[in-house]
Structure formats: structure tokens, C-alpha cells
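Participant: Build me a structure from this.
(one chain, ligands or ions: 2)
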Amino acid sequence: MASPAPAATGADVRAVSSTVGDGGLADPLLAVGNGGAATKQESGAEGKYWVPADEAERRAATESGGEDGRPLLFRKYKLRGAILHPYRALIFVRLIAVLLFFVWRIRHNKSNVMWFWTLSVAGDAWFGFSWLLNQLPKFNPIKSIPDLCALKLHYDLPDGTSKLPGIDVFVTTADPINEPILYTMNSILSILAADYPVDRFACYVSDDSGALILYEALVEVVKFATLWVPFCHKHCIEPRAPESYFELVVPPRIGRASEEFVNDYKRVQMDYDDFKMRLNKLSDTIHKRSDVYNRMRTPEGDAQATWMANGMQWPGTWIDPTENHRKGEHTGIVKVVNGSEVDANRNPSFNTTDVCLPMLVYVSREKNPNYDHNKKAGALNALLRVSALLSNAQLIINFDCDHYINNSQALRAAVCFMLDQREGDNTAFVQFPQRFDNVDPTDRYGNHNRVFFDGTMLALNGLQGPSYLGTGCMFRRIALYGIDPPHCRPGNITAKYGNSTPLIDSVSKAIKQESSTTPPSLDDTFVSEMEMVVTASYDNGTDWGKGVGYIYDIATEDIVTGFRIHGQGWRTMYCTMEHDAFCGTAPINLTERLHQIVRWSGGSLEMFFSHNNPLLGGQRLQLLQRVSYLNMTVYPVTSLFILLYALCPVMWLVPDEIHIQRPFTRYVVYLLIIILMIHMIGWLEIKWAGVTWMDYWRNEQFFMIGSTSAYPIAVLHMAKRLLTKKGIHFRVTSKQTNSNTDDKFADLYEMQWTPMLIPTVFVLVANVGAIGVAMGKAVVYMAVWTAAKKVHAALGLLFNVWIMVLLYPFALAIMGRWAKRPIILVVLLAAVFLFFGVIYVKVKVDASAETNQPQPKKSTAAVVAAAAALPRRTEHPKALLLSDTTRHQAAWWTASEVPSGLYNDE
Ligand SMILES: O=c1ccn([C@@H]2O[C@H](COP(=O)(O)OP(=O)(O)O[C@H]3O[C@H](CO)[C@@H](O)[C@H](O)[C@H]3O)[C@@H](O)[C@H]2O)c(=O)[nH]1
Ligand SMILES: [Mn+2]
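Facilitator: Ligands and ions are numbered 1, 2, ... in the order given. Reported below is the predicted structural model:
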């Protein structure tokens with residue numbers, strides 16, 4: 001787990017010694033992990049479970065000098081037979097077991113509540129099916145490790161120049177408040193300082209808020225970058241996002257570090273503090289300046305404009321919003337922030353010629369209330385077009401504004417896959433895992449989602465490749481243009497790119513891989529062309545958002561964009577690095593996190609009910625790749641069954657006894673076998689994925705929380721969309737932290753109630769209450785129960801407790817600040833159990849006093865058991881969240897039928 005301490009030490013060592021310039025990839029077997037202790041453990045796992053898979057290819061390449069003289073730039077590893085064979089065998093055996101179990105249930109259709117029995121068998125079938133969807137694509141995990149040394153050897157020329165391909169880096173931001181400017185600027189600084197030839201990459205920032213403050217912040221970034229970038233290059237600084245660097249690194253002292261480094265460090269740190277101060281003051285500066293100009297130049301009664309430093313009115317949104325100058329309604333803006341000239345005088349002491357910065361471009365596409373802006377996908381497509389005109393790089397990488405480059409070698413790592421002799425030309429994108437540095441140490445809401453990133457995606461890497469996950473993904477430009485991969489012999493280009501002739505020309509240039517070596521001159525005609533391609537109406541009548549660019553009409557553009565690309569026959573690669581490539585922020589507030597999950601799971605369902613349905617679309621999808629997309633689009637449905645089972649304990653309120661499945665003992669034995677098997681498979685997955693039990697467990701817990709809140713809401717949204725045609729609103733995840741406190745994790749304790757949380761509260765209360773009642777029952781009936789009944793009751797209770805344990809992070813969440821002392825929860829729970837127990841005993845004793853009939857009507861414990869019967873996690877669609885190892889076990893939910901038989905069978 002990403003604990004700040006070991007990371008700090010690592011960064012410190014790197015900064016001081018200046019020796020690690022290759023991102024720590026010298027040993028390819030150390031390719032996964034995030035530093036410190038975790039790395040040690042994981043690298044051990046690597047050596048143990050992974051073996052080279054491409055020795056023959058490498059030999060052939062060496063002998064022949066390569067098919068076309070191009071080098072092999074990554075290494076492939078497969079799972080060692082000692083773990084792969086048992087893993088596959090277990091999956092097979094479990095499949096048989098689940099089928100037998102299912103047949104057995106059908107043949108023993110004994111229940112006195114037949115509708116419940118039928119429902120539970122339907123649930124059984126669904127869980128079994130969705131477990132298969134999740135499990136099958138993991139049959140052959142493959143790890144690919146970039147070979148940075150080989151890349152250097154072949155593409156960096158001895159004269160200091162380079163043959164590396166061009167990269168256009170995209171950053172999207174939508175809101176300067178919810179997405180704090182400081183984070184965005186840090187992300188941009190890490191990009192500008194990345195280890196890549198400065199004339200070969202450019203950074204494009206999309207600002208969907210159209211605010212002057214963001215543009216002026218970029219101007220400040222350029223000023224600070226002229227110091228920061230050479231400092232990073234000179235001392236091999238990691239990470240190259242200054243905020244994280246200064247936070248993680250112990251300030252160097254003379255004696256431990258060279259005097260030169262200490263002096264440079266101090267100077268840059270001071271300059272960084274100044275830079276932050278200027279950023280903080282920007283809002284004020286703009287206000288004051290605008291007041292002055294408005295007083296001087298705005299006639300009485302006219303709208304109060306917002307003014308730029310050069311004395312011109314800002315074309316975007318104004319502080320006092322007015323027609324054509326408000327959020328959602330303003331003209332398009334494209335501005336090259338730094339051009340090519342940089343103030344070289346600012347770094348006289350760094351003795352380096354490396355003062356140039358990559359081109360930095362500010363883009364705010366036109367907003368017009370009469371058009372759908374297609375959220376992030378629309379913003380990215382606008383960047384695609386502007387960059388096509390300006391630099392037209394062959395490769396593109398996009399970042400959310402809160403994700404920075406954590407390993408300066410990351411761009412090079414991705415390029416290794418794109419240029420490799422074997423599959424390079426057919427590789428459409430290289431996806432990196434998402435890592436986060438603001439997550440609480442115990443990762444209460446499973447934000448790290450390691451099971452998904454390190455397990456599921458690695459498995460897909462053995463098929464056609466990982467899906468596109470949003471941020472930290474490098475694309476081949478032509479793959480985004482809807483063009484077929486070379487192995488499919490692309491035909492004529494029929495896609496409609498709109499009516500910008502320079503843009504259409506740039507497409508043919510991109511196909512021929514001609515990058516423009518001479519940047520276009522930014523004259524008026526050219527600037528208006530750039531503004532034309534970011535107008536709100538540009539997409540009309542074109543294929544943008546359909547077959548070209550990032551796909552529209554869905555809450556999650558990522559999964560569906562990746563799907564379309566895979567469907568055309570492209571392959572993709574997954575790249576993990578020992579020192580994490582990128583790092584970002586995740587919502588550690590439960591409500592914020594659940595909103596994110598609603599968007600992801602809602603987007604998945606939207607995809608299922610669209611023409612991008614994995615059963616219909618994607619001609620060239622490999623079978624198992626298709627299965628994995630199917631899994632990613634249907635998994636939220638599972639939550640409906642889970643919710644139903646989790647609510648079963650309310651049955652203790654019903655006086656009649658319920659029998660769903662008999663004979664009971666045999667039933668429980670079958671169930672336990674199936675459950676045990678799913679965890680054995682999970683255990684093997686943990687091993688090969690190099691994740692911890694804690695990651696696995698958090699995944700289970702959060703799947704349960706989501707299944708009783710966010711996923712059912714997504715299903716409702718989908719139903720609404722089918723009826724009303726209105727999609728899910730893209731609610732930008734708030735990255736604001738509670739600034740009134742010093743506590744880095746204050747957001748964790750901020751409880752924000754939303755209706756979505758009600759079902760989970762209900763499930764929690766039902767289960768806690770049921771345990772209390774079960775305890776009461778034990779007091780009343782212990783003396784009359786047979787041994788078998790006691791065992792059954794204990795089993796029921798166990799299941800019930802299991803649900804409670806799964807919902808533990810939720811219980812902490814609703815305690816708000818009180819959760820800082822979890823002991824309060826323990827005491828509270830004990831009190832509630834006692835309360836329900838006492839009430840039960842009291843009611844029962846009173847009732848038997850009246851009727852003199854002490855026999856229990858129905859087993860609480862059994863009912864309780866029902867609750868426990870949950871199926872487990874499913875796959876997260878967009879991965880971000882879900883788990884996936886074992887998913888649905890028919891078994892678990894079947895446990896819900898425990899109530900049926902508890903006291904009646906046998
Ligand atoms: O109208 C919009 C809405 C969003 N964004 C940007 O989109 C990115 C992602 O938005 P965020 O609210 O942070 O979503 P997350 O849930 O954190 O993002 C995850 O999920 C998204 C899909 O739902 C992916 O696109 C992201 O890459 C992935 O990190 C941010 O940079 C936003 O600025 C825009 O540019 N314009
Ligand atoms: Mn985000």
C-alpha cells in the first residue's frame with residue numbers, strides 16, 4: 001500500500017544520489033508495485049510466479065536482426081505452471097461443482113414459499129453465469145515489461161538528438177473550484193518535466209470552465225517551469241510534480257548531499273513557494289484588474305467584463321456572468337501559452353542547455369446551450385482536433401487534471417510498446433494502472449482497487465489487451481480516428497472528420513506517420529481555423545463521438561472507446577512500473593465515492609443497452625475479450641439479487657416459518673464447498689497479481705456497500721433512461737479537501753447523506769437487529785434446542801455476522817467524526833444487540849405467559865443467515881472499482897436459503 005514513509009525515502013534517495021534516471025526498471029522483474037516494503041514483497045512474488053514467455057521470439061529476433069530491423073522493446077512473462085495449472089484446474093472443478101449444485105437444487109425443489117425458491121434459483125443461475133463471465137477472461141494472464149534500456153539504445157542518438165515519435169499530452173479540467181488549480185498545475189509541471197525530447201512533445205490543456213484564472217495559471221506555470229524543468233533534469237528528480245516532491249522529500253543537507261544540490265533545491269523551493277503564492281492571489285489580481293478596467297473602459301450600464309493582463313477582454317466566462325460569457329455559454333479559445341521562446345535568463349546557475357519547454361496550449365471549446373457538449377469525451381475530441389492542426393503527434397496520452405506523472409520515464413515506457421517489432425504497429429493504446437496518493441492508509445473504501453488493476457487488467461493483457469480506463473492511457477492517433485489496424489489491411493478512409501480541410505489533411509499525414517517538423521505559424525487564419533475546430537457545432541454531421549475520437553452519449557466514455565477500438569481488431573497493452581508511472585487523487589469521502597460508482601456502473605449499463613452492446617458490436621473482438629466486455633457491462637444487475645438477500649433478515653418479523661430449500665445439512669455442505677473454492681481461486685489470484693489479502697478484503701467489502709447503494713441506483717437510472725432517453729449526468733468528482741483542518745484525511749469523516757445510502761442503512765439495521773434477536777432466542781430456547789439446532793443456529797449467526805463485517809466500513813462512514821474511535825462502534829453494537837435481545841426475550845416471555853406455548857415460530861438465526869448469504873463481488877466495469885477475482889458464487893447467495901431448512905429438515 002502506498003504509505004508515504006517508504007515512498008519518501010525512495011524519492012529522497014533518488015533526489016540526493018541523482019543516480020536513478022531509468023525509473024528503476026533495470027530489473028524487469030521489479031515491474032509492479034509502488035515502492036518501499038510493498039515492492040519487496042511484490043518483487044518476491046514476481047520472481048516466484050512469473051517466467052519469461054518470449055525467449056523464442058527474442059532468439060529469433062537476435063538471429064535475424066529483426067523482421068524489419070526494429071528491436072524488441074518489451075519482455076513478456078507468463079505464469080509459472082506450478083500456479084497456473086492448479087489455478088485453471090480449480091476454475092474447472094468449481095464450474096462442475098456449481099453446475100451439480102444447480103442441478104441438485106432443481107431436483108430438490110422443496111420449499112413452502114415457492115416464489116422465493118424460484119427467485120433464488122434464478123439468482124443462482126445469474127451468479128453462476130456472471131462468475132463465469134468474470135472468471136473465463138482470466139485464464140491466461142500475461143505481464144509485459146517495457147525495456148527502457150533497449151529504447152534508449154535504439155532511439156536516442158549519440159549526438160544528443162532522438163528518433164522518438166511525437167507525443168501530444170492532453171489534460172482535461174472542468175471546474176477550477178472542485179478541481180483545485182494547484183493540482184492541475186502540478187500535473188502540468190510533471191508533464192513539462194517528463195524525460196522526453198522537448199521538441200517531440202506538447203501539452204494541451206482543456207478547460208471546460210472557460211475561466212481566465214486557468215489561463216493565467218498556465219502563464220505562471222511557464223515561468224516557474226523554466227526553473228523547475230532544468231532542476232528536475234539536472235538532479236534526476238522524482239516525482240516531477242513539485243507539490244508531491246517537496247512533501248515527500250526530506251530537505252537535503254550539506255554533508256548528506258552535494259552543496260550544489262542543496263543550493264539548487266533551496267532556490268527552487270523558494271521559487272515554488274512564490275509560484276504558489278501567485279496562484280493563490282490570481283483570483284484577487286484578476287478581480288482588481290477587471291475593476292480598474294471596467295471603471296476606465298466599460299460604459300455605465302454595460303456588463304462588467306473580465307480583463308486579461310494585456311488589457312483585452314477575456315473571451316471566456318466572466319466573473320459577473322453575462323450573455324456569451326458564462327459557464328456553458330462562451331466562445332471557443334485556443335492559445336499557445338509559451339510558443340517556442342522561453343526566458344532563458346531565469347536559470348543561469350543550472351549549467352544546462354536544457355532551457356526549452358515543450359509547447360503548452362490552452363483550449364476552451366465553445367459552449368452553447370443549444371448543443372450537447374458530451375462532457376469529457378467532447379473535451380478530448382476538441383483537443384484531438386486542435387493538436388492535429390498544431391503538432392499532429394503520432395501518439396497521444398491523456399490525463400485527468402488530478403493525475404500527475406510520478407515516474408519521469410513513463411512516457412518512454414509506453415512508447416516501448418508502440419514501437420516494438422512484434423505487435424507495435426497493431427497496438428492502439430497502452431493503459432497504465434491508476435494509483436492514488438491521497439487515500440487513507442487502510443483504504444477504507446477500496447479506492448486502490450488493486451484486485452482490478454493488478455489482477456483483471458493483467459489477465460486481459462493475455463488476450464487482446466486491457467480496456468481503456470480513462471486517465472494514464474497512451475493512444476496511437478490513427479486508432480482514435482477509427483482507422484483499422486495494419487494487420488487488417490485498412491481500406492479507404494470513409495469516416496467523416498468535419499469540414500476543416502487542414503484537419504482532413506492532417507489525418508492523411510497521421511496515417512503516413514508524417515509529423516510536422518516545422519510548427520505552423522500562428523497567424524490569424526490559422527488561429528481562426530483552430531477556433532473553428534472547437535466550435536460547439538463542429539461535430540454535427542460528422543463521425544466525431546461515433547466512430548471517430550472518444551465516444552459520446554454515455555456516462556463513461558472510456559470503456560466504450562476502448563471497446564470500439566478492440567472491435568476493430570486493434571490490440572492494447574498493460575504497463576505497470578516498479579516506481580508507479582502516474583499518481584492521482586481518489587474520493588475518500590463515501591458519498592463522493594459512491595457518486596463516482598453510480599456514474600461508472602450506470603455507464604456500463606448504458607453501453608449494454610446501446611449499439612455498442614458486446615454481444616452485437618465489435619466484429620473483430622476475440623471471444624474471451626468479448627466475454628470480458630459483457631461482464632463489464634452487466635455486472636451492476638447482480639446487485640439486485642444481493643440487495644434482496646441482504647435484506648432477508650427482516651423475515652424475522654414474519655411469524656411464519658419459511659422453508660426454501662431442503663434437505664438443509666446437505667445444502668450447507670454443498671454451499672461451503674463452493675464458497676471455499678471461490679476463495680481458493682481468489683487466493684491464487686492474489687498470489688499472481690501480487691496484491692495483499694487486505695486489498696482482496698476491501699474489495700469484497702466495497703462491493704457489498706456498492707451493491708446495496710450505488711449499483712441499484714445505476715440500474716434505476718438505466719431504467720429511467722430507457723423510458724425517458726435521458727442519460728446519467730456527469731458529476732465531476734470533487735477533489736476539494738476540507739481545508740479548515742490539518743487532517744489530510746478529513747474527508748473520510750465528512751458524512752454527506754444522500755437517499756442512495758438508505759438501503760445500506762436498512763440492510764445494516766436488519767442484520768444487527770437479527771443478531772440481537774438471535775441472541776434473545778438463544779436465551780429463551782437454548783435448553784430445549786437439540787444439538788443439531790444449535791449448530792444450525794450458530795451457522796446462521798455466522799452468515800449474519802459476515803454481512804455485518806462486510807458493511808463495517810459503511811458503519812464507520814455513517815458515524816462521521818465519531819469513527820475516529822472505532823471502539824465507540826463496538827460498544828454501540830453491543831448495546832444494540834442487547835437491546836434487541838432483551839426486547840425479544842421480553843416479548844416472548846410475556847407471550848408465553850399468556851399462551852403458555854413457548855415454541856418458536858421461526859428461527860431468527862436462520863433468517864439471519866439469509867442475510868449473510870451474499871454473493872460476492874463482481875467486476876467493476878470500469879474497473880476502477882471492482883474486484884474481480886472470484887465473483888458471484890452461486891454459493892453465497894444460496895446461503896440465503898438457509899432459513900428454509902434450519903429447523904425442519906432431516
Ligand atoms: O464535462 C466534463 C466533465 C469532466 N471532465 C474531466 O474529466 C476528468 C474525469 O472526471 P472526474 O470527475 O475526475 O471523474 P473520475 O471518476 O475521477 O474519473 C474516472 O472516470 C472517468 C469516466 O467516468 C474517466 O474518464 C477518468 O479518466 C477516470 O479517472 C476530469 O479531468 C474532468 O476535469 C471534463 O473535462 N469535462
Ligand atoms: Mn478523478
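Participant: how close does the residue of the chain found nearest ligand 1 get to ligand 2?
Facilitator: Proximity of the chain to ligand 1 (Cβ to the nearest ligand atom) peaks at residue 470, 2.2 Å away. Using the backbone N, CA and C atoms, a C-beta is placed for each residue, glycine as well. Using Cβ to the ion, to the nearest Å, one obtains 8 Å as the distance from residue 470 to ligand 2.
Participant: So that residue is in contact with residue 400, correct?
Facilitator: Yes - checked against Cβ atoms under 8 Å, the pair residue 470 and residue 400 is within contact range at 6.9 Å.
Participant: ok but the residue of the chain closest to ligand 1 is inside a strand, no?
Facilitator: No - under the criterion used here (DSSP: H, G, I helix; E, B strand; the rest coil), residue 470 is coil, not part of a strand.
Participant: Near whatever residue of the stretch 601-750 of the chain ends up closest to ligand 2, how many other residues are there?
Facilitator: For the stretch 601-750 of the chain, the residue positioned closest to ligand 2 under Cβ to the ion is residue 733, at a distance of 4.8 Å. Residue 733 is flanked by 19 other residues according to other Cβ atoms under 10 Å.
Participant: can you check residue 209 too?
Facilitator: The number of residues near residue 209, taken as other Cβ under 10 Å, comes to 21.
Participant: Kindly report the same for residue 772.
Facilitator: For residue 772, the number of neighbouring residues by other Cβ under 10 Å comes to 25.
Participant: any weak-confidence spans in the stretch 101-250 of the chain?
Facilitator: 112 (pLDDT under 70).
Participant: Contact residues of the protein facing ligand 2?
Facilitator: Contact residues, the chain versus ligand 2 (Cβ under 5 Å from the ion): 400, 733.
Participant: same thing but at 6 Å, please
Facilitator: Of all the residues in the chain, those in contact range of ligand 2 (Cβ under 6 Å from the ion) are 400, 402, 733.
Participant: out of those residues, which are inside strands?
Facilitator: Members of these lying in strands (criterion: DSSP state E): residue 400.
Participant: and which of the residues of the chain next to ligand 2 is nearest residue 158?
Facilitator: residue 400 (37.9 Å; Cβ to Cβ).
Participant: ok, now how distant is residue 448 from residue 498?
Facilitator: Here residue 448 is placed at a distance of 41 Å from residue 498 (Cβ to Cβ, to the nearest Å).
Participant: Then residue 149?
Facilitator: If you go by Cβ to Cβ, the gap between residue 149 and residue 498 works out to 43 Å.
Participant: Give me the more crowded residue out of those two.
Facilitator: For residue 149 versus residue 498, the count of surrounding residues by other Cβ under 10 Å is larger for residue 498: 20 against 13.
Participant: Could you tell me which residues make contact with that one?
Facilitator: Counting by Cβ atoms under 8 Å, 6 or more residues apart in numbering, residue 498 makes contact with 385, 504, 533, 538, 539, 541, 542, 544.
Participant: tell me which element it is part of?
Facilitator: Under the criterion of DSSP states H and E, residue 498 resides outside all helices and strands.
Participant: Same question for residue 77.
Facilitator: Secondary structure assignment for residue 77, by DSSP H and E: strand 74-79.
Participant: So what touches that strand?
Facilitator: In this structure, residues lying in contact with strand 74-79 by Cβ under 8 Å, 6+ apart are 28, 46, 49-54, 57-58, 84, 87, 140-147, 416-417, 420, 462, 573, 688.
Participant: how about a cut-off of 6 Å?
Facilitator: Contacts of strand 74-79 with the rest of the structure, by Cβ atoms under 6 Å, 6 or more residues apart in numbering, involve 28, 50, 52-54, 141-147, 416-417, 420, 688.
Participant: same deal with stretch 564-582?
Facilitator: 23-24, 30-34, 144, 403, 405-407, 410, 413, 417, 423, 426-433, 435, 457, 461, 464-466, 472, 479, 484-485, 488, 617-618, 620-621, 625.
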